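Asker: Sequence and predicted model, in that order:
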Amino acid sequence: MKLKPKLVSLNSNKINSISTKAIIFAAPSGSGKTTIVKFLLDKIPTLGFSISACTRDKREGIEKSKVDYYFLTTEEFKKKIKKEEFLEWEEVYPGKFYGTLKSEIERLWSEGKQVIFDVDVKGGINLKKHFGNKALAVFVKPPSLNILEERLFARKTDTEDSLSQRISRAKSEMIYEDKFDTTLINEDLGNTLLQAKKLVIDFLNN
């Protein structure tokens, strides 16, 4: 039986007891959202990174477990789905699941942090639906699909098949841009970082 993604509510008492905002950065793979989020975490100390869970393999020498992702087996992930431990989740690629654990949000809130997300496009849409006007949802967009392909190829972290999957998915994700509060076109990284910082600080201070 194919699992169907759904949005799950956090414990309502915990939501009402903590006044917080959420920052959501979503983009097609290779657009630069992870670089932006790491920059913001370094520059804005009140932000706390929501570590997503996934079932894909860890990129050895690049990623760390429980820092970049919670790396789970497919069986472990599906058990957490059945126990409703995810705020949102999705099968992003065939057999590759990604999701946001409710416990991760609660951990950050208990530390007095404003949560920042680095998620795929549909995950970003679901999180925006959940948090509503308490969230700033930013769509990070490459200057063109050709440049995105060049960036993905230059990373050298994907097989030919997985690279093809990412490019195909990126094309389909572009149509969801209008579901977000604002768009950042990541053409010049230095300028993009400054724009992102201003967007977030303005939102948190509003």
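Answerer: Noted; the coordinates are in hand.
Asker: Just give the nearest non-adjacent residue to the residue sitting nearest the centre point of the chain, would you?
Answerer: Centroid-nearest residue in the chain: Val119, 1.3 Å away (criterion: C-alpha atoms, centre = their mean). Of all residues not flanking Val119 in the chain, Ala26 sits nearest, at 5.2 Å (C-beta to C-beta, 6 or more residues apart in numbering). Where you see a C-beta, it was placed from the backbone N, CA and C, and this is true even at glycine.
Asker: ok, what's across the strand from the one you found?
Answerer: Counting by DSSP bridges, Ala26 is bridged to Val119, Phe139.
Asker: For it, give me its contacts.
Answerer: By C-beta atoms under 8 Å, 6 or more residues apart in numbering, the contact set of Ala26 is 33, 117, 119-121, 123-125, 137-140, 180.
Asker: How much space separates it from Glu111?
Answerer: When distance is defined by C-beta to C-beta, to the nearest Å, Ala26 is 23 Å away from Glu111.
Asker: hang on, the earlier thing: give me the local confidence score for the residue nearest to the centre of the chain.
Answerer: We have a pLDDT of 93 for Val119.
Asker: all strands for this protein, in order.
Answerer: In the chain, the segments counted as strands under DSSP state E are 22-26, 47-49, 52-54, 69-71, 86-93, 96-101, 114-119, 135-141, 182-185.
Asker: what residues are up against the closest residue to Gly99 other than its chain neighbours?
Answerer: The shortest distance from Gly99 to any non-neighbouring residue, by C-beta to C-beta, 6+ apart, is to Trp89 (3.0 Å). The contact partners of Trp89, by C-beta under 8 Å, 6+ apart, come to 5, 53, 77, 81, 97-100, 123.
Asker: try 7 Å
Answerer: Counting by C-beta atoms under 7 Å, 6 or more residues apart in numbering, Trp89 touches 5, 81, 97-99.
Asker: from those residues, which is closest to Ala154?
Answerer: Lowest distance from Ala154 to these (C-beta to C-beta) belongs to Tyr98, with 22.9 Å.
Asker: That closest one pairs with what?
Answerer: Under the criterion used here (DSSP bridges), Tyr98 is bridged to Cys54, Glu90.
Asker: For it, grab the count of nearby residues.
Answerer: 22 (other C-beta atoms under 10 Å).
Asker: which residues touch it?
Answerer: By C-beta under 7 Å, 6+ apart, the neighbours of Tyr98 are 52, 54, 89-90, 92, 120, 123.
Asker: Relative to Ile51, how far out is it?
Answerer: In terms of C-beta to C-beta, Tyr98 sits 11 Å off from Ile51.
Asker: what's the least confident stretch among the strands of the chain?
Answerer: With a mean of 91, strand 86-93 has the lowest mean pLDDT of these.
Asker: List the buried residues of it.
Answerer: 86-93 (16 or more other C-beta atoms under 10 Å).
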